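Asks: turn this into a model:
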Amino acid sequence: MAASIHISLNHKSYLREPESTELGRKIISESIKMIDALGFEQFTFKKLAAEIGSTEASIYRYFENKHKLLVYLVSWYWAWVDYTVTFQTHNLPDPRQRLDRALEELVNAGQEDDPSVAYIDERILYRIVMAESSKVYLTKEVDAENKEGFFLEIKKFCRHLAQLVLAVNPDYPYPHALVSTVMEAAHQQLYFASHLPSLTEIKYSQRPVEETIQFLKHLVYSAIDNSK
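Replies: Got it, this is the predicted structure:
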């Protein structure tokens with residue numbers, strides 16, 4: 001992967017682009033750590049301001065509320081995963097190889113910190129997406145926010161993976177439904193293995209990442225190789 005990358009979101013979730021200033025990058029970096037440590041419900045801009053030695057007013061210049069900050073973080077994550085999948089698959093000639101690698105990257109993306117983005121620890125952001133991302137769209141405002149383009153990144157990545165599915169089986173009738181299910185399962189299965197183990201056969205003490213990848217491949221290929 002390149003020495004450094006820049007994931008820039010032209011997004012209505014923010015008032016001022018956080019990547020454009022040192023304070024903005026600090027808001028992103030520290031909010032990730034605090035949401036992971038406290039949980040989204042207990043996280044506040046007041047606590048964040050105290051942590052970064054700034055004021056609540058300065059944070060509100062970037063984000064209207066903490067919900068929109070979470071939208072930004074989750075959107076950034078999916079844009080970054082889309083980048084990594086594109087990078088890892090673009091030289092693979094075989095459609096199944098590309099789909100295999102994409103599914104592997106979907107799970108592996110948050111297992112290590114990517115040094116090419118210095119101010120974001122992707123391992124911590126992955127844990128936030130795993131535990132908190134449903135709060136981004138399971139809201140009363142989802143339709144209005146969708147019209148404003150809040151979810152373009154997750155939809156773009158879903159479309160990307162759906163195209164990889166269709167490259168393997170052009171006649172498969174449910175590529176987006178399958179992929180959106182797999183995207184959720186990639187996080188849910190690891191979360192269940194850690195916190196609700198009776199909901200999954202994946203064991204957190206026994207190579208859960210590898211087992212999750214195998215499960216996703218089984219799910220995807222069972223669907224696309226046996227469709228009528």
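Asks: contacts and neighbour counts: CA atoms only from here.
Replies: OK.
Asks: show residues contacting the longest helix along the chain.
Replies: When the chain is parsed with DSSP state H, its longest helix is helix 66-89. Helix 66-89 is contacted from outside by 1, 7-9, 11, 13-14, 28, 32, 44-45, 63, 98, 101-102, 105-106, 109, 122, 125-126, 129, 133, 136, 150-154, 157, 160, using Cα atoms under 8 Å, 6 or more residues apart in numbering.
Asks: any of those residues buried? List them.
Replies: 9, 11, 13-14, 28, 32, 44-45, 63, 98, 101-102, 105-106, 109, 122, 125-126, 129, 133, 136, 150-154, 157, 160 (16 or more other Cα atoms under 10 Å).
Asks: give me the subset of those lying in helices.
Replies: 28, 32, 45, 98, 101-102, 105-106, 122, 125-126, 129, 136, 152-154, 157, 160.
Asks: how many neighbours does D94 have?
Replies: For D94, the neighbour count with other Cα atoms under 10 Å is 12.
Asks: over to it: give its phi and psi.
Replies: Backbone torsions for D94, taken as degrees, to the nearest 10, come to phi -90, psi 130.
Asks: now it: how far from V168?
Replies: 9 Å (Cα to Cα, to the nearest Å).
Asks: H67 now?
Replies: Counting by Cα to Cα, the gap from H67 to V168 is 38 Å.
Asks: before we move on, what about Q214?
Replies: Taken as Cα to Cα, the span from Q214 to V168 is 18 Å.
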